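>>> model this:
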Amino acid sequence: MLQRIRDNMTGWVSGSIIFIIAIAFIFWGIDFGFFNRDYIALVNGGEVSTNVYRNAVQNQVSQAQRTYQDELPEVLLQQIRNATLENLIRRELLAQRVAERNYRVGDEQLHQSIRSMEAFQVDGVFSLDSYNARLAGVGRSPTSFEAEQRVALQMGQLQDGVAATEFLTSSETRRLIELFEQKREVSVATIFPAQFEDAITVDEAAVQAYYDQNADLYLTPETVTLRYLEIRGADVAADIQVTEDDLLSYYESSKAQLSVTERRQVRHILIEADDEDAALARAQAVTARIRGGEDFAAVAAEASVDSSTAGSGGDLGWVDAETFEGELGDAIFSLAQGEVSDPVRSDFGFHVLRVDAIDGGVMPSFAEVREQLETRYREDQAGERYYSRAETLAERAFENLYELDSAAEALGLKIQEVPGFTRANNEVFPGHPEVAEAAFSISSLEDGENSRVIELGDKHAVVLRVADHKPPQPQPLEAVRETIVQALKKEQSVAMAATAGSELLAALEQGASLEAAARDKNAEFQPARLIDRADREAPAELVAAVFRSAKPEYGPVANSIQMRDGSYAVFTVSQVLPGMPGAVSAEARMAARRAMAQQIGQSTFETYVQDLRDKASISVFEDDTQEAPQQ
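Here you go, the predicted model:
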């Protein structure tokens with residue numbers, strides 16, 4: 001079982017199972033047959049749509065570009081295409097399996113799942129207007145969206161059912177704690193490329209050769225001329241006219257929200273009704289004593305059988321109309337402040353009540369809340385008008401897919417234009433990479449279509465189209481000469497650091513100490529210290545290499561790694577200390593056990609999906625994969 005964890009820590013599934021099961025296909029969604037039946041793959045006869053594949057690749061490419069802030073190399077683009085297709089194939093396999101096994105998701109579960117999605121909430125509460133507007137903005141219907149979400153939830157049921165079959169024994173938990181809480185004593189010598197750069201000279205021939213071989217790295221940014229329509233709730237709100245009749249009508253319809261719920265602070269004395277007549281007589285006697293002037297709290301302490309309140313003078317605290325039902329609640333809310341009730345029968349016995357204070361229950365007058373009403377009325381009207389305009393914008397932009405003039409005329413909007421818009425442009429729409437994603441999508445660039453409605457914030461949205469497209473062009477050598485010189489210096493200095501690091505490691509194998517060998521190579525030396533797998537001082541890749549290294553048996557074990565920044569680290573592991581299960585609290589052990597069981601369950605599900613794939617009949621049309629978005 002432990003080996004299975006290690007075997008499945010890597011591979012396509014580690015980052016994709018969530019992608020398969022996720023309920024996050026809202027904005028480039030899978031429509032389960034609601035679009036044209038062109039396909040890129042057949043999975044047991046089921047189709048993987050080319051449209052879905054292309055949109056998914058575009059989505060992944062856009063995310064990668066946001067991460068790297070640069071044009072993506074072809075090798076990475078091909079990896080994205082392959083991984084996206086593989087994910088869609090496996091998702092189709094899971095959709096088929098849940099259909100075969102008759103998994104069911106009820107309407108209430110489906111609706112609760114959709115209501116919980118932040119994309120459809122306004123101020124943390126589900127908004128039907130927002131739901132309809134956002135789906136309309138991406139050309140989706142509630143019917144198709146809810147169908148795909150139902151399947152996604154069914155897939156979640158399948159995953160949970162498979163994963164729940166795994167568990168860890170106590171002995172396995174101890175072994176895992178020994179492994180994952182392990183500490184290693186390590187010394188490190190690091191050689192940095194920068195120490196060699198001053199000695200490197202780059203000649204013109206090398207610059208020219210590098211430029212010729214890597215011309216695709218030195219292109220001008222791809223640009224578009226962007227035209228767009230923009231709607232804002234604030235602009236709509238400014239045009240709203242409010243009359244007194246409007247506010248008076250709104251006041252009448254809002255009384256339930258405006259009134260303050262009445263509360264009462266109540267005391268009681270409870271007389272147990274083991275004998276109905278005798279209990280009533282005792283309750284009447286208690287009532288007479290209090291009305292005769294005795295202290296309510298003192299009588300409650302003496303006579304009440306409610307042990308939870310007798311010591312506090314019978315105090316029930318503040319209650320509202322829903323706290324007590326039936327005669328008891330009616331009696332409480334019929335008393336005047338300070339009034340003592342006659343005995344009131346309940347399932348618990350007879351109560352003698354007194355109301356000490358009354359709060360709320362007053363409906364504010366129109367004049368008192370007029371300003372508040374006008375603000376709320378304007379906000380409500382602005383919301384309704386905004387969502388109506390957003391729906392109109394989505395409909396007109398979709399109906400007239402190749403121009404914005406019709407939508408602009410229908411809404412009285414001015415078409416705005418941004419020339420020279422790039423993928424990295426953050427000036428016009430700061431913090432909204434989805435604008436660039438839409439601008440550089442296949443549907444915009446190749447098909448010439450309007451975008452979906454893109455929401456930029458609360459009651460703020462745009463629809464855009466590309467008016468002009470300029471592909472990347474090679475930059476002249478003179479414009480990039482210095483960049484190439486620095487790249488060549490970096491390349492050579494990294495190689496020199498690796499050579500020096502290998503020589504340092506060889507010196508250790510000949511018997512030199514790490515500190516002495518580091519001094520000879522002008523390396524940065526860090527003396528021995530204990531680290532664990534969560535160490536934050538050393539680079540993560542160095543920590544990983546230390547824990548991959550063999551355990552020392554007859555002396556320190558030496559090893560090395562060249563890190564992503566080009567620096568070369570040589571290290572020695574001098575001792576290994578296993579984790580101590582006895583030093584971990586029972587709660588922590590149980591938490592670790594649950595976490596590991598969950599990880600094993602995830603691994604089991606990944607194996608389950610792979611088995612489905614191995615047994616499936618799958619045909620992939622390779623030519624179509626090459627037509628997916630490039631950048």
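>>> show me the contact partners of stretch 409-419.
Outside stretch 409-419, the residues that touch it by CB atoms under 8 Å, 6 or more residues apart in numbering are 223, 225-231, 389, 392-393, 396, 404-405, 407-408, 425, 428, 467-468. Quick note: C-beta positions are derived from backbone N, CA and C, even for glycine.
>>> in strands only, show me those.
Within the contacts of stretch 409-419, residues falling in strands by DSSP state E are 223, 225-231, 467-468.
>>> redo those as JSON lines? Include distance to Leu577, neighbour count and pLDDT.
JSON lines is the format used below for the ones in strands among the contacts of stretch 409-419 (distance: CB to CB, whole Å; neighbours: other CB atoms under 10 Å; pLDDT from 0 to 100):
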{"residue": "Thr223", "distance to Leu577": "58", "neighbour count": "21", "pLDDT": "93"}
{"residue": "Thr225", "distance to Leu577": "63", "neighbour count": "16", "pLDDT": "95"}
{"residue": "Leu226", "distance to Leu577": "60", "neighbour count": "26", "pLDDT": "95"}
{"residue": "Arg227", "distance to Leu577": "65", "neighbour count": "20", "pLDDT": "97"}
{"residue": "Tyr228", "distance to Leu577": "61", "neighbour count": "23", "pLDDT": "97"}
{"residue": "Leu229", "distance to Leu577": "65", "neighbour count": "23", "pLDDT": "96"}
{"residue": "Glu230", "distance to Leu577": "62", "neighbour count": "18", "pLDDT": "95"}
{"residue": "Ile231", "distance to Leu577": "63", "neighbour count": "20", "pLDDT": "93"}
{"residue": "Ala467", "distance to Leu577": "66", "neighbour count": "15", "pLDDT": "95"}
{"residue": "Asp468", "distance to Leu577": "65", "neighbour count": "13", "pLDDT": "95"}
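>>> max pairwise distance over those: which two?
Longest distance between any two of the ones in strands among the contacts of stretch 409-419 is 25.6 Å, between Thr223 and Ile231; criterion CB to CB.
>>> roughly how far does the residue nearest to Leu328 when sequence neighbours are not counted sit from Leu335?
In this structure, Leu328 finds its nearest non-sequential neighbour in Ser346, 4.8 Å apart by CB to CB, 6 or more residues apart in numbering. Note on Ser346: its distance to Leu335, by CB to CB, to the nearest Å, is 15 Å.
>>> and Asp405, by the same measure?
Asp405 is 70 Å from Leu335, where distance means CB to CB.
>>> the two: who's more crowded?
Remark: of Asp405 and Leu335, Leu335 carries more neighbours, 16 against 12, as counted by other CB atoms under 10 Å.
>>> wait, Gln473 sits on Glu222?
No. Using CB atoms under 8 Å, Gln473 is not in contact with Glu222; the gap is 9.2 Å.
>>> between those two, who's got more neighbours?
Taking neighbours as other CB under 10 Å, Gln473 and Glu222 compare with Glu222 leading, 17 against 10.
>>> got a list of what that one touches?
422-423, 440, 469-472, 631.
>>> read off the pLDDT value for it.
The score at Glu222 is 90. That number is its pLDDT.
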